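S.K.: the following comprises the amino acid sequence and a computationally predicted model.
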Amino acid sequence: MTFLAEFDAAAGNPPAQVGVVIKWLRSNWPAMYAELRADRPILPTAAFTMVTRATDVLAVLAQPSLYSVRGNQRAMDPAVGPFMLARDETEINWEEKGLMRALLRWDDLPRVRALAGHVSAAAIANAVGKAGATGPRLDVVPTIARAVPLAIVQHIFGFAAPSDDLLRWSFATQHGMFRNSPFSADVLASCHKAGEEMRAWLKPFLAAKRAYAPSGGMDAVSRLIDISQAPAAGISPERVLSNVCGLLVGAIETSSQAIVQIIDQFLEHADWREAALAADAAGNIAAFDAYVFEALRFNPITTIQFRFVEQDRVLGEGTTYATPVKAGTVLAVCTGSAMFDAALMPDPDRFDATRPANAYLHFGVGHHECLGRYVGQVSIPEAVRQLLRQPGLARAAHPAGAIDFAGGPFPEHLVVTWSGGATAAKHCMVTRTDTTESAA
């Protein structure tokens with residue numbers, strides 16, 4: 001049965017129709033989106049209205065005053081304080097987003113890439129050292145996928161809390177703020193509790209840095225402390241605290257899921273992997289990175305961004321499928337669908353690593369483009385590169401060799417094996433110009 005046939009068969013039972021959507025999102029979202037783009041590009045449900053064509057997706061995301069993220073406030077504010085990511089086109093958003101972008105400097109990117117390579121290579125070498133008769137065996141999630149962004153948070157961002165605490169806070173806040181669907185009060189409570197713990201740890205840490213740390217620090221937190229002490233900056237200690245919390249919330253689980261799902265795609269498609277490794281062997285890091293993000297298009301970390309309709313509007317106005325929506329409607333803006341729309345991605349079902357980098361929606365677009373975009377655009381492919389170069393890389397025997405979400409919102413396990421010792425990728429100590437090209 002097709003998606004729309006199953007959806008329509010549940011007419012008169014709105015909760016059942018939402019259940020059909022969730023089922024297809026988890027089992028076969030590409031087929032569901034293809035059918036919707038062709039036959040019903042805007043689909044109202046009892047929980048949200050789905051927007052699936054690239055033109056409409058981009059139109060919604062480009063108008064944050066009309067289609068806002070105010071729904072984020074319930075989860076974010078009690079956890080990290082009033083935060084810019086829940087306040088579109090406001091003073092706090094305008095000032096603090098610009099400030100944080102300036103502090104996450106482009107000249108950090110060679111260090112970011114080198115750190116990602118070092119952490120991944122160390123995990124691979126450790127697996128080789130423990131290898132039995134069947135060769136090395138590695139669970140990618142704890143050893144590379146989470147370990148790489150964790151190290152970046154601690155050493156590049158400068159949020160140097162204990163690893164176990166950071167991982168716990170990251171999971172709970174990302175889950176509660178962005179993956180709490182269907183809604184769970186327990187997940188929201190865990191998010192708020194993690195935020196309270198995080199802020200309690202940070203207050204003395206930041207106070208000590210203000211009092212004793214020398215200026216000119218190399219990490220983002222030190223830079224934020226430095227600039228906040230200038231009266232002209234106009235940023236209070238409480239706003240510093242919220243923004244440091246934000247550095248963690250968006251970093252670990254998102255990057256981890258991307259790394260895992262990219263590796264999974266390369267394990268599934270040997271020809272993609274061979275082409276990516278050929279680019280690596282030729283020393284073309286920008287081309288290798290392009291293979292990575294094209295692979296992620298086939299299984300992105302999320303296919304939906306939610307928005308809140310602020311005024312009565314007509315979606316798809318001027319088209320045959322124009323659909324009125326009332327203020328207060330929640331939109332499911334299907335970015336995963338848009339990346340398979342021929343209007344944005346010509347011949348969308350074909351793997352094509354030469355697509356323009358700005359056509360991808362992995363890091364958001366416009367007003368809500370990810371603050372850490374350029375960090376992710378070098379750290380994620382470098383972690384993948386280190387693992388892909390291992391000879392005979394393959395999935396472990398089922399079920400360990402499949403991504404295991406363990407009933408939660410993020411990958412928890414993916415076990416791989418390979419045939420021999422570690423093959424180390426040369427860490428990407430490139431010039432600033434080369435790094436910029438690979439991250440753009």
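M.R.: Looks like it arrived, so ask away.

S.K.: CA atoms for contacts and neighbours, from now on please.
M.R.: Will do.

S.K.: count the neighbours of Leu138 for me.
M.R.: Counted with other CA atoms under 10 Å, the neighbours of Leu138 add up to 24.

S.K.: list the contacts for it?
M.R.: Counting by CA atoms under 8 Å, 6 or more residues apart in numbering, Leu138 makes contact with 124, 127, 415-417.

S.K.: note down every partner strand of the helix or strand hosting it and its orientation.
M.R.: Counting by DSSP states H and E, the element that carries Leu138 is strand 137-139. Next to strand 137-139 in the sheet, as set by DSSP bridges, lie strand 415-417 (antiparallel).

S.K.: if we can go back for a sec, which one of the contacts of Leu138 sits closest to Asp8?
M.R.: Minimum distance to Asp8 across these is 39.7 Å, recorded for Val415 (CA to CA).

S.K.: test my guess that the closest one contacts Ala400.
M.R.: Yes - Val415 is in contact with Ala400 according to CA atoms under 8 Å; the separation is 5.5 Å.

S.K.: of the two, who's got more company?
M.R.: Counted by other CA under 10 Å, Val415 and Ala400 do not tie: Val415 has more neighbours, with 20 against 14.

S.K.: all strands for the stretch 251-400 of the chain, in order.
M.R.: Using DSSP state E, counting those that start in this stretch, the strands of the stretch 251-400 of the chain run over residues 305-309, 313-315, 323-325, 330-333, 394-395.

S.K.: nearest to Arg70, of the ones you listed?
M.R.: Distance to Arg70, taken as CA to CA, is lowest for strand 305-309 among the strands of the stretch 251-400 of the chain, at 6.6 Å.

S.K.: strand partners of the closest one, parallel vs antiparallel please.
M.R.: As defined by DSSP bridges, the strand partners of strand 305-309 come to strand 67-68 (antiparallel), strand 330-333 (antiparallel).

S.K.: return the most buried member of those strands.
M.R.: strand 330-333 (a mean of 24; mean count of other CA atoms under 10 Å).

S.K.: what mean pLDDT does that strand get?
M.R.: On average, the pLDDT along strand 330-333 is 98.

S.K.: on that earlier part again, pull the most distant pair out of the contacts of Leu138.
M.R.: By the measure CA to CA, Ile124 and Val415 form the most distant pair in these, at 12.3 Å.

S.K.: longest helix of this protein?
M.R.: helix 185-212 (DSSP state H).

S.K.: residues of that one that come out buried?
M.R.: Neighbour counts using 16 or more other CA atoms under 10 Å place 187-196, 198-199, 202, 206, 210 of helix 185-212 among the buried residues.

S.K.: related to what we said a few turns ago, turn the strands of the stretch 251-400 of the chain into JSON lines, including distance to Pro149.
M.R.: What follows is the strands of the stretch 251-400 of the chain, written out as JSON lines (distance: least, CA to CA, whole Å):
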{"stretch": "strand 305-309", "distance to Pro149": "22"}
{"stretch": "strand 313-315", "distance to Pro149": "38"}
{"stretch": "strand 323-325", "distance to Pro149": "39"}
{"stretch": "strand 330-333", "distance to Pro149": "27"}
{"stretch": "strand 394-395", "distance to Pro149": "23"}
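
S.K.: with Ala232 as the reference, name the closest of these.
M.R.: Closest to Ala232 of these is strand 305-309 (CA to CA; 34.1 Å).

S.K.: buried residues, that closest one. List them.
M.R.: Neighbour counts over strand 305-309 (16+ other CA under 10 Å) mark 305-309 as buried.

S.K.: rewinding a little: any idea which of the contacts of Leu138 is closest to Ala220?
M.R.: When those are compared for distance to Ala220 (CA to CA), Ile124 wins out at 28.6 Å.

S.K.: verify the stated contact: that closest one with Leu387.
M.R.: Yes - the criterion here is CA under 8 Å, and Ile124 meets it with Leu387 at 7.4 Å.

S.K.: where does the stretch 101-250 of the chain have low pLDDT?
M.R.: Along the stretch 101-250 of the chain, the parts satisfying pLDDT under 70 run over 213-216.

S.K.: all helices of it, in order?
M.R.: For the stretch 101-250 of the chain, the helices defined by DSSP state H, counting those that start in this stretch cover 109-129, 140, 147-152, 163-178, 185-212, 220-228, 237-249.

S.K.: how far off centre is the last one?
M.R.: Same thing as helix 237-249. 19 Å (CA atoms, centre = their mean, to the nearest Å).

S.K.: centre of the chain to the edge, which residue is at the far end?
M.R.: Residue farthest from the centre of the chain, counting by CA atoms, centre = their mean, is Ala133 at 36.9 Å.

S.K.: report all helices and strands that the longest helix of the chain contacts.
M.R.: helix 73-80, helix 163-178, helix 220-228, helix 237-249 (3 or more CA pairs under 8 Å, 6 or more residues apart in numbering; DSSP states H and E).

S.K.: can you list contacts of the second one?
M.R.: Put plainly, it is helix 163-178. Helix 163-178 has contacts (CA under 8 Å, 6+ apart) with 72, 75-76, 79, 150, 187-188, 190-192, 194-195, 197-198, 248-253, 409.

S.K.: great, nothing more from me.
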